[in-house]
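Chemist: after the sequence you'll find the predicted model.
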Amino acid sequence: MVCCRPLSCAFAGISLYPSRRGLAQALSSRPIGSWLLSFATYVVAAIPVEVAWRGFALPRLQKRYSAFAASMIIGVLWAVWHAPLLFNLDNVMSTYPLLPWFVNVMMDSVIYVWLYNSTKGSVFLLVLYHALSNILGGFAGWSTATASIAIAALLLLIYKPATISANGRKYSLSD
């Protein structure tokens, strides 16, 4: 259960933001079928992303670098990959401020590496987390960034940057 503690903090932290009434209203106004369809869509979209970043790249990077360094490398690549959405005025991400958004992506990368290492390399759980993050981000918007940054900072304080793992191990190609 240690690996779920930051996740529960993240979701609890979202309720602390002034936008919680808007979030609660948005959450309750959609039928369950709509939620399931959104979640399924995000799961399908997250599969190739997580297989590539965490399933393929991360173990190779962690074989050579610390977990923190690997998370920063993937974070930069992840930010560059998503950067075009910041300039698409039809996308909600176009309202995000560039520098805080970049810091948030880097800190999200730390959280994903922690999840990967703490679950012995489970890409499946990362896909589910990614899908859930996309759904919550769609309703809470930019307010989730503060929670992500705080959680990543706590993870780096609690766990060693060399492994960023609840079990003290990082998973690479040899595992």
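Modeler: That came through, no problem. All values reported here derive from a predicted model rather than from experimental measurement.
Chemist: would you point out which residue is most central in the chain?
Modeler: D108 (4.4 Å; Cα atoms, centre = their mean).
Chemist: contacts only, for the residue lying closest to that residue once chain neighbours are set aside.
Modeler: Among residues not flanking D108 along the chain, S148 sits closest, at 5.2 Å (Cβ to Cβ, 6 or more residues apart in numbering). For the C-beta atoms, the positions are set from N, CA and C on the backbone; glycine is no exception. S148 makes contact with A10, N104, M107, D108, I111 under the criterion Cβ atoms under 8 Å, 6 or more residues apart in numbering.
Chemist: how about 6 Å then?
Modeler: N104, M107, D108 (Cβ atoms under 6 Å, 6 or more residues apart in numbering).
Chemist: what of G55?
Modeler: With contact set as Cβ under 6 Å, 6+ apart, G55 has these partners: V123.
Chemist: give the helix, strand or coil label for it.
Modeler: Judged by DSSP: H, G, I helix; E, B strand; the rest coil, the three-state class of G55 is helix.
Chemist: secondary structure element for the residue nearest to D108?
Modeler: helix 144-158 (DSSP states H and E).
Chemist: so for the helix or strand hosting the residue nearest to the centre of the chain, mean pLDDT?
Modeler: Using DSSP H and E, the element containing D108 is helix 98-118. For helix 98-118, mean pLDDT is 93.
Chemist: and that helix, what does it pack against?
Modeler: helix 67-86, helix 144-158 (3 or more Cβ pairs under 6 Å, 6 or more residues apart in numbering; DSSP states H and E).
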